[in-house]
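Asks: Fold the following.
(2 chains)
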Amino acid sequence: MRIAIVTTHPPSKGSLNEYAYHFVRFLKTKTEMVEEIILLLDELPEGQQYSPEQNQAQVPVRSVPCWQFNALDNSFRIRKAVREADPDIVLFNIQFASFGDKKVPATLGLLTPWLLKLDGQKVVVLLHNIMETVNLKSAGFGNNPILEAVIRLFGNIITRFILKADWVAVTIPKYVEILESKYGAQNVLLAPHGSFEEPTETAPSTMPGGKPTVMTFGKFGTYKTVDLLVEAHAVLLKKHPDMRLVIAGTDSPNAAGYLQGVRDRYSHVPNVEYTGYVAEGDVPRIFGEAWVVAFPYTSTTGSSGVLHQAGGYGKAVVLPNLGDFAELVLEEGYDAEFFEPTSADSLAASIAKVIDNPERQREIGLRNYAAANGLPITEVVDWYLIHFEELLKRK
Amino acid sequence: MDIIKSSRDNLPVLQLKGRFDAHEVEPVNAWLAEHTGKGEARIIVNLEGMNFIDSTALSTLVRGLKNCRERNGDLHICSLQQPVRVIFELTRLDKAFDIFPTEEEAAKGF
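Replies: Sure, this is the predicted structure:
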């Protein structure tokens, strides 16, 4: 089969680019079932270009930049690109803000799966979040209750359009329940997120040594903010003056300038390192040096790729006491120390429970390693292929 | 988890009882590798006594199904109990696998 994937992908820094990178990395090894992969990507800034690694032994991958974050004509251009590529299946790797942080382009982009369905395409949407569980204020969309209510209403309407796809895959069981009970959907399926890392023969070091290092990884400024973490770091420095805080990643596309603001606000707090964008090759070192990986999220928009990555590196984690994360930890076998999402003292206490207790650090790290290796993304890709195959058998 | 290996109408049957999770996949993987690596792989997995399955265990069955179909065979599942049926429905793998009420029907289904 020939598969078109509407997604971001490195070197684009758009959200879900990492997930796409790893998904495609394994999808292109499935030569027995896949003939070609066509990536329908967001356009890169001038001077940059996509150059997918081609390997004769793998499925050929073609990159077609055909949409832009916040552009109004994305639906039109993606449909045109799909018509030209003529794939058997179109897979969307998206979340609610994939096509823009402005309401009109975000909405228009999210209508694309439905429009492609009207065009006669087989369409599968991997939806990383659902409107019902997004804290709009934290995600940068709603600033007053009336506006938030209006956005939620539109969100519900858009969800109904997304559900016109053949399949809508989500990564958390609760999302299946919500979409089935609220929208009466019969085409939603649970697909595990999967681990990005390939299983290794021996578990990586859960105890890296060196200075105590807390690391957070992601795109920051909307629901992933680091203010609380820097404040917790300041608390912890009183006991651990050599402790490092590594903030790895960039601003969220929806929150340009956020990290510079944090630098300015907390310039008096020592031992805070900002890495900027982390290239794939540097990811193992960044995770490897961490004693604990922190998730200073104020709300969640789905299963966390970073949690799976942290597990793959055998890392202890501290997580906010939010429903989705707690569920994920329980259902996928992860372990963590939890903190109250609005309290720097609570976050500092959770980090201290890990760095002051090597046994607990090791215990969480090994458990997370086992959980992350339980289901590598290569196996999740097989699930999708089985579903695609079943879909293609339909008239 | 208890594993019972048998055959019906010359088709290999694997019966799994109890809890099937990440810690129990190795012997199932070995059995699947043995029976999906040659000829036209047609096998039956009987889940009559199974009361729990996790995503890793499901993945093991998906891999088995994929390997069978690559050899123009199939993996039939039978005798699902309610807690496990719910998981198959949640993941929509009930649409991907051919699932039969009994082992006899699973054998006749080839």
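Asks: So, low pLDDT: which residues of chain B?
Replies: Across chain B, no stretch falls below the confidence threshold (pLDDT under 70).
Asks: tell me which parts of it are close to chain A?
Replies: Residues of chain B found near chain A (C-beta under 8 Å from any C-beta of the partner chain) are B:22, B:54-56, B:59, B:62-63, B:65-66, B:69-70, B:90-93, B:95-96. Backbone N, C-alpha and C define where each C-beta goes, glycine included.
Asks: Which residues of the stretch 201-350 of chain A lie near chain B?
Replies: Residues of the stretch 201-350 of chain A that fall close to chain B, judged by C-beta under 8 Å from any C-beta: A:Glu332, A:Gly333.
Asks: Strands of the stretch 201-350 of chain A, start to end?
Replies: A:213-220, A:244-251, A:272-276, A:292-294, A:316-320, A:337-339 (DSSP state E, counting those that start in this stretch).
Asks: ditto for chain B
Replies: For chain B, the strands defined by DSSP state E cover B:2-8, B:11-20, B:42-53, B:74-78, B:98-100.
Asks: Please identify the buried residues of the longest one?
Replies: In terms of neighbour count (16 or more other C-beta atoms under 10 Å in any protein chain shown), strand B:42-53 has its buried residues at B:Arg42, B:Ile43, B:Ile44, B:Val45, B:Asn46, B:Leu47, B:Met50, B:Ile53.
Asks: Turn the residues you listed into CSV, including distance to A:Ile3.
Replies: Compiled in CSV, the buried residues of strand B:42-53 are given as follows (distance: C-beta to C-beta, whole Å):
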residue, distance to A:Ile3
B:Arg42, 28
B:Ile43, 28
B:Ile44, 31
B:Val45, 28
B:Asn46, 34
B:Leu47, 31
B:Met50, 33
B:Ile53, 28
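Asks: what residues are up against B:Ile4?
Replies: B:Leu14, B:Gln15, B:Lys17 (C-beta atoms under 8 Å, 6 or more residues apart in numbering or on different chains).
Asks: Tell me, how many residues neighbour the last one?
Replies: Here the neighbour count serves as a burial measure; for B:Lys17 (other C-beta atoms under 10 Å in any protein chain shown) it reads 15.
Asks: Please report how far it lies from B:Ile53.
Replies: Distance of B:Lys17 to B:Ile53, given as C-beta to C-beta, to the nearest Å: 12 Å.
Asks: rewinding a little: among the strands of the stretch 201-350 of chain A, which comes closest to A:Ile158?
Replies: Ranking the strands of the stretch 201-350 of chain A by proximity to A:Ile158 (C-beta to C-beta) places strand A:213-220 first, at 22.2 Å.
Asks: Packing partners of the closest one?
Replies: For strand A:213-220, the packing partners by 3 or more C-beta pairs under 8 Å, 6 or more residues apart in numbering or on different chains; DSSP states H and E come out as helix A:227-237, strand A:244-251, helix A:258-265, helix A:283-288, strand A:292-294, helix A:305-312.
Asks: pLDDT on it, on average?
Replies: Taken as a whole, strand A:213-220 carries a mean pLDDT of 94.
Asks: which other residues reach that strand?
Replies: Contacts of strand A:213-220 (C-beta under 8 Å, 6+ apart): A:13, A:15, A:224, A:226, A:229, A:233, A:236, A:243-253, A:255, A:258-259, A:262, A:278, A:286-287, A:289-296, A:306, A:309-310, A:351, A:355.
Asks: Drop anything exposed from these.
Replies: Taking 16+ other C-beta under 10 Å as the criterion, what is buried in the contacts of strand A:213-220 is A:13, A:15, A:224, A:226, A:229, A:233, A:236, A:243-253, A:255, A:258-259, A:262, A:278, A:286-287, A:290-296, A:306, A:309-310, A:351, A:355.
Asks: For chain B, which residue gets nearest to chain A?
Replies: Nearest residue of chain B to chain A: B:Arg92, at 3.7 Å (C-beta to the nearest C-beta).
Asks: The closest residue to A:Ala326 other than its chain neighbours: how many residues sit nearby?
Replies: Ranked by C-beta to C-beta, 6 or more residues apart in numbering or on different chains and with sequence neighbours excluded, the top spatial neighbour of A:Ala326 is A:Phe338, at 7.2 Å. By other C-beta under 10 Å, the residues close to A:Phe338 number 18.
Asks: Can you read off the pLDDT for A:Phe338?
Replies: pLDDT, read off for A:Phe338, is 92.
Asks: Name the residues linked to residue 7 by a beta bridge.
Replies: All of this refers to chain A. A:Leu41 (DSSP bridges).
Asks: look at chain B instead
Replies: With DSSP bridges as the rule, B:Ser7 is bridged to B:Pro12.
Asks: Is it in contact with B:Val13, as I believe?
Replies: Yes - counting by C-beta atoms under 8 Å, B:Ser7 does reach B:Val13; the two are 5.8 Å apart.
Asks: In terms of neighbours, single out the busier of these two.
Replies: The neighbour comparison of B:Ser7 against B:Val13 (other C-beta under 10 Å) goes to B:Val13, with 20 against 11.
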